[in-house]
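Colleague: fold the following for me, if possible:
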Amino acid sequence: MGKRDLEQEMESAAPEDAVPEDAAAEPDAPEEAAASETPGHVDEVRPPESAEDAGPEGELAALRDRHLRLAAEFDNFRRRTRRELGDEGERARADLAGKLLELMDDLQRVADTPLEGTTTEALHEGIGLVARKFAKILSDTGVEPVNPVDERFDPNLHDALMMTPTDDPEQDEFVSHVVLIGYRLGDRLLRPARVTVYRHEAEAS
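Modeller: Model (predicted):
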């Protein structure tokens, strides 16, 4: 029997379920790979520690950070509000100044009117027109007159210059005459009305 025939006979006699050594070692490879991989399942990943889990120091640090953030946000809000109010006030002043310039032009035209051929009635009419225009400008701005004719004296709005005696007890402490009209803007009194006030004195029996 030749050498070649002997090798063929040995191969045919080998068990069918024999596994090469290299192949037998392969099933262990997935286990080693699994041991080196990072857990990928959601349940296997631990969430980061919260302020409570970090203990008192962590809670204190979180509160300090929150306080600093709120302080910064409030400071930004205050600056933004101050800037917006400043811009709004500047626009309001510019608008009022523009209206006053128109009024100044009207007054200048009255002042430049030549006296020759101009009557007192014409000057009076021109000045009255300017006064009415000025009153409208104040009204558009929100300024209201305080003109307490036939009203009871109010020390919060009126300034009594003198007392006027009266025989009618129903007129007691009522305004008898408005010397100078007052003005207010909303709830703010710009100038009290200067008035005279009735005072009833009972006759001695």
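Colleague: which element, helix or strand, includes the nearest residue to V178 once chain neighbours are set aside?
Modeller: Excluding the flanking residues, the one nearest V178 by C-beta to C-beta, 6 or more residues apart in numbering is V195, at 5.3 Å. In short, each C-beta sits where N, CA and C put it, glycine included. Element membership of V195, judged by DSSP states H and E, is strand 193-200.
Colleague: of all the residues in that strand, which ones are buried?
Modeller: For strand 193-200, burial by neighbour count (16 or more other C-beta atoms under 10 Å) applies to 193, 195-199.
Colleague: again, but for stretch 141-161
Modeller: 146, 148, 153, 158, 160.
Colleague: likewise for stretch 160-177?
Modeller: For stretch 160-177, by 16+ other C-beta under 10 Å, it's 160, 166, 171, 174-176.
Colleague: looking at the residues you listed, which one is closest to G86?
Modeller: A160 (39.5 Å; C-beta to C-beta).
Colleague: list of residues touching the helix or strand hosting the closest one?
Modeller: Using DSSP H and E, A160 sits in strand 158-166. Contacts to strand 158-166, defined as C-beta atoms under 8 Å, 6 or more residues apart in numbering, come from residues 146, 148, 153, 172, 175-177, 179, 182, 192-201.
Colleague: ok, now stretch 185-198?
Modeller: So stretch 185-198 is in contact with 141-144, 146-148, 153, 156-166, 168, 171-184, going by C-beta under 8 Å, 6+ apart.
Colleague: contacting residues for V149?
Modeller: V149 neighbours (C-beta under 8 Å, 6+ apart): 175, 178.
Colleague: assumed it was part of a helix.
Modeller: No - per DSSP: H, G, I helix; E, B strand; the rest coil, V149 lies outside any helix segment and is coil.
Colleague: quick one: A72 from R79, how far?
Modeller: Spatial separation of A72 from R79 under the definition C-beta to C-beta, to the nearest Å is 11 Å.
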